[in-house]
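A.B. asks: No letters, just coordinates:
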């Protein structure tokens with residue numbers, strides 16, 4: 001069996017080019033990801049914005065509230 005050094009080096013060259021291209025595409029996607037998605041959607045609001053949440057007092061037991069929410073889910077479908 002004859003091993004051709006020229007064919008082997010050509011294969012290695014193409015493998016290195018492929019790995020370099022994969023690395024550059026990976027880095028490009030990482031840069032795009034930082035531009036497209038916000039860094040932290042739970043950050044403290046800036047300017048005149050306020051953070052809003054719904055506060056429910058714990059007057060009913062947990063299972064009754066969950067049953068009401070489940071009925072509402074099946075009724076409305078949301």
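C.D. replies: Cool, the structure landed. The model shown is predicted, which means the values in this text are computed figures rather than measured ones. Numbering: from 1, shown residues only.
A.B. asks: Kindly list the single helix or strand of the protein that scores lowest on mean pLDDT.
C.D. replies: helix 62-76 (a mean of 79; mean pLDDT, DSSP states H and E).
A.B. asks: the longest helix in this structure is where?
C.D. replies: Taking DSSP state H as the criterion, the chain has its longest helix at helix 5-36.
A.B. asks: Averaged pLDDT, it. What do you get?
C.D. replies: The pLDDT scores in helix 5-36 average 93.
A.B. asks: quick revisit: for the least confident helix or strand of the chain, buried residues please.
C.D. replies: Buried residues in helix 62-76, counted by 16 or more other C-beta atoms under 10 Å: none are found. Placement of C-beta: from N, CA and C, glycine included.
A.B. asks: Please compute how far that helix lies from its chain's middle.
C.D. replies: Average the C-alpha atoms of helix 62-76, do the same for its chain, and the two points are 30 Å apart (C-alpha atoms, centre = their mean, to the nearest Å).
A.B. asks: and residue 22, how many neighbours does it have?
C.D. replies: 10 (other C-beta atoms under 10 Å).
A.B. asks: if I look at it, how far off is residue 72?
C.D. replies: Taking C-beta to C-beta, to the nearest Å as the measure, residue 22 falls 49 Å from residue 72.
A.B. asks: what do you get for residue 24?
C.D. replies: Taking C-beta to C-beta, one finds residue 24 at 51 Å from residue 72.
A.B. asks: do the same with residue 29
C.D. replies: In terms of C-beta to C-beta, residue 29 sits 41 Å off from residue 72.
A.B. asks: what are the phi and psi values for the residue most central in space within the chain?
C.D. replies: The structure's the chain has its C-alpha centroid closest to residue 37; by C-alpha atoms, centre = their mean the separation is 8.5 Å. With angles defined as degrees, to the nearest 10, residue 37 sits at phi -100, psi 140.
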